[in-house]
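> Show me the folded form of this:
(chains A, B and C)
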Amino acid sequence: MTIPLSCYLILSGILFTCGVLGFLIKRNIITIFMSIELMLNGVNLSFVAFAAQWHALSGQIFVFFVMVVAAAEAAVGLAIIIAVYRTRETLNVDQVNLLKL
Amino acid sequence: MHLILFLFFGGICVAGAVNLLVQRHPINSALSLVVVMASLAGEYLLLGAEFVAAIQVIVYAGAIMVLFIFTIMLLNAGEEERSKGSRVAILLGIPGVAIGGVLVAWTLLRHSNTAWVPMFALPGDPRAIARLLFRDFLLPFEVTSVLILIAIMGAVVLASKPEAVAPPKAAEPTPREAPELVASGRER
Amino acid sequence: MSITTFAIVSIIKSIAVIFVLLTAVAYSVWLERKVSAHIQNRWGPTRVGPFGLLQPLADGVKFIFKEDLTQPYVYKTLYIASPIIAVVFAITAISVIPFGNSITIGSITTPFQITDLNIGLLVVLGITSMGVYGVALAGWSSNSKYSLLGGLRASAQMISYEVSLGLSLIPVLMLAGSFSLREIVNKQQHLHWNFFYFPFGTLAFFVYLISAYAETNRTPFDLPEAESELVAGYHTEYSAMKFAMFFMAEYANMVTVACLSTLLFFGGWLGPVFGPPIVQSLLPVLWFCLKVFFFMFLYVWVRWTLPRFRYDQLMAFGWKVLLPTAVANLVVTGLVVAWKPDIWLVK
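Numbering: from 1, shown residues only, chains lettered A, B, ... in the order given. The predicted model follows:
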């Protein structure tokens, strides 16, 4: 009933890579933001996996703090996106390329 | 048994992550991300971190992603178009990330530890976590509460509608003009 | 017991519980119609079976045979998936709810609960959080302005009142010391119900009840789906079976809230037990069912007595009144429990 730890780490790495890929190739601001959340989730998984290896609970505590920071960042980031949309009328990052309209 | 369950949840996870990249409409990407988070909660349960799994579902999948979906609905985000920028990004991005990913994976696996993790390895019950959270990690806990307060205030200020600009003074009818208007109205 | 016996017993329990839940959902519709009728001084369903008891069956047949319209302009996948999501999450919450003590048939002793998780209360809260998706996606995928507004309003209301719902349950957790629902009930022996823990338990109960009424989109908080407002809110464009699934999801949520109210505040299945062992196993279930029936009746009673809130009044009430009350209750209960954990202000 044991599996090697690298299984969890590989899964975490795949999630993180998908997050980075989404951040680079997607053109919609909200989808880019969701790729950031995907990266954070991948990192959370590796925290919990290492906590399981060393039987240290501090890994899980750190996962809490990552979640809290992600929640705060999502709230403020989405508010910024709404503010940007109000002035630029577009959600495409390629078209938000002027500092002043 | 552990391997079968891990592959089940892991497969759903990776499928959701790939679906997020492949889908063109942001709402489909958001829903795939919800699937990823739910399957990650399953992975946490496999490791014995039951409280973290419950918190993942409640906070991440149940609150943060609802916020994303609200934003997508409010801003009426449509499908992504193929533009020059996206073609360049795909041309350079996919090989770049592939090279970077292979490099990181090779480095990590070269020094890999062959530790074996049993099922339900962690004592993840709320009592043990509470003992750590409210004794050793009390200061970061209080700091995150201040962080959330700042985030709430910032989000409310940023997302509020800009106030209507007050009309300039010259356009307002001066008190001398107003009785004339009223008088003319009475005449009619 | 062996793993196969455990699996078979669990499957039987799951099927039985889901069957009972779906019957309870169907007959809560009957209860609503009868009680509302008598409140309004009329009879309600009387023709289909004695006292109209076969009315849910007739309603079910009607829903199955009704024409299932699917508009051409909806987002097909989400349109079909939203009622499924709503119903699945509404019914899943029953899986951690205990109905009584254990029952012994032959050599097999099994508790009256599909599974007793030591984070049971968190699981129920998580599932109700996920239930917001059914509403939000239904409103959006219908691709019509009434549905979108109704869906956004309903889901904003649900996530606002989720906060005070969770916070109002923390005093209960402090008194019980565990997230497991069975533990919480076992700490309420000898009429030491959490409701009688004056004033914190009573206040927590009322905050929980009001938040739960708002969470399940029931009057006086049912503006997003009332018939006279916004056409019909997020289920405007749904007909026949899909609408029936939203209907079922709402009543299943009501049943879950009623079950949680009895477990957390009114002692669950605790009541006088006597008699031979089989009766001793079944009597707690009877007390549980009676208490849940009382809460369902309360739901219907409140619906047909109170007028509904306007949306801005609703949101202001949730954030400006209920949330500070829940937080203040939490803080004071924490202080009292830390000072003297066995204090009972009302004996």
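> Get me the contact residues on chain C for chain B.
Counting by Cβ under 8 Å from any Cβ of the partner chain, the residues of chain C close to chain B are C:75, C:78, C:117-119, C:122-123, C:125-126, C:129-130, C:132-133, C:136-137, C:139-140, C:148, C:151-152, C:155-156, C:159, C:162, C:179. (Each C-beta comes from the backbone N, C-alpha and C, glycine too.)
> In helices, which of these appear?
The members of the residues of chain C next to chain B that map onto helices under DSSP state H are C:78, C:122-123, C:125-126, C:129-130, C:132-133, C:136-137, C:139-140, C:148, C:151-152, C:155-156, C:159, C:162.
> which residues touch C:Ser180?
C:Ser180 makes contact with C:116-121 under the criterion Cβ atoms under 8 Å, 6 or more residues apart in numbering or on different chains.
> any idea how far the closest residue to C:Gly271 other than its chain neighbours lies from chain B?
Counting by Cβ to Cβ, 6 or more residues apart in numbering or on different chains, the nearest residue to C:Gly271 once its immediate chain neighbours are dropped is C:Trp287, at 3.5 Å. In this structure, C:Trp287 and chain B are 29 Å apart, going by Cβ to the nearest Cβ, to the nearest Å.
> check which helix or strand covers C:Trp287.
Using DSSP states H and E, the secondary-structure element containing C:Trp287 is helix C:277-303.
> name the helices or strands packed onto that helix?
Contact partners of helix C:277-303 among helices and strands, from 3 or more Cβ pairs under 8 Å, 6 or more residues apart in numbering or on different chains; DSSP states H and E: helix C:3-39, strand C:100-105, strand C:108-112, helix C:240-265.
> I'd like the distance from the helix or strand that the longest one is followed by to the chain centre, please.
Per DSSP H and E, the first helix or strand lying C-terminal to helix C:3-39 is helix C:55-65. Once both centres are worked out by Cα atoms, centre = their mean, to the nearest Å, helix C:55-65 turns out to sit 23 Å from its chain's centre.
> Check which residues of helix C:55-65 are buried.
Buried residues in helix C:55-65, counting neighbours by 16 or more other Cβ atoms under 10 Å in any protein chain shown, are found at C:55-56, C:59, C:63.
> Could you list the residues in contact with it?
The contact list for helix C:55-65 (Cβ under 8 Å, 6+ apart) reads C:26-27, C:29-30, C:33, C:45, C:48-49, C:240-241, C:243-244.
> and the residue nearest to the spatial centre of chain B, helix, strand or coil?
Within chain B, the residue whose C-alpha comes closest to the C-alpha centroid is B:Ile64; the distance, by Cα atoms, centre = their mean, is 5.1 Å. On the three-state scheme (DSSP: H, G, I helix; E, B strand; the rest coil), B:Ile64 is labelled helix.
> residues from chain B in reach of chain C?
B:27, B:31, B:34, B:50-51, B:54-55, B:57-58, B:61-63, B:66, B:69-70, B:73-74, B:125-126.
> So how do I select the buried members of these in PyMOL?
Selecting only the buried members of the residues of chain B next to chain C in PyMOL, with burial defined as 16+ other Cβ under 10 Å, works like this:
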select buried, chain B and resi 27+31+34+50+51+54+55+57+58+61+62+63+66+69+70+73+125+126
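> Point out where chain C drops to low pLDDT.
C:1, C:225-232, C:341-347 (pLDDT under 70).
> For chain B, what is the nearest residue in it?
C:Ser129 (2.8 Å; Cβ to the nearest Cβ).
> Quick check: closest non-adjacent residue to that residue.
Excluding the flanking residues, the one nearest C:Ser129 by Cβ to Cβ, 6+ apart is B:Gly62, at 2.8 Å.
> wouldn't the one you found be in contact with C:Gly126 here?
Yes. Applying Cβ atoms under 8 Å, one finds B:Gly62 in contact with C:Gly126, separated by 6.2 Å.
> Let me know the pLDDT of B:Pro173.
Here the pLDDT value assigned to B:Pro173 is 55.
> My error: substitute B:Ile152 in the last question.
B:Ile152 is assigned a predicted lDDT (pLDDT) of 92.
> Next, count neighbours for the residue nearest to C:Pro45 when sequence neighbours are not counted.
Here the nearest residue to C:Pro45 in space, its sequence neighbours aside, is C:Gly52; by Cβ to Cβ, 6+ apart that works out to 3.0 Å. Residue neighbour count, defined by other Cβ atoms under 10 Å in any protein chain shown, stands at 18 for C:Gly52.
> And for C:Val96?
C:Val96 is surrounded by 21 other residues when neighbours are defined as other Cβ under 10 Å.
> thinking again about what came up before, list the residues that contact the residue of chain C closest to chain B.
Shown in contact with C:Ser129 (Cβ under 8 Å, 6+ apart): B:57-58, B:61-63, B:66, C:159, C:162.
> If we use 10 Å, what do you get?
B:57-63, B:65-66, C:89, C:158-159, C:162, C:165-166, C:215 (Cβ atoms under 10 Å, 6 or more residues apart in numbering or on different chains).
> Equivalent analysis for B:Pro162, please.
Going by Cβ under 10 Å, 6+ apart, B:Pro162 touches A:83, A:86-87.
> ok, now C:Leu22?
Counting by Cβ under 10 Å, 6+ apart, C:Leu22 touches C:91, C:248, C:251-252, C:255.
> Counting neighbours, which of the contacts of helix C:55-65 comes out on top?
Ranked by the number of neighbours (other Cβ under 10 Å), these place C:Trp30 first, at 21 neighbours.
> Helix C:120-130 and the helix or strand hosting C:Val87, what's the angle between them?
The secondary structure element spanning C:Val87 is helix C:76-92 (assigned by DSSP H and E). Helix C:76-92 and helix C:120-130 are oriented at 160 degrees to each other (axes from the mean of the first three to the mean of the last three Cα atoms, to 10 degrees).
> near chain A at all, helix C:76-92?
No. Helix C:76-92 does not reach chain A (Cβ under 10 Å from any Cβ of the partner chain); its nearest approach is 16.8 Å.
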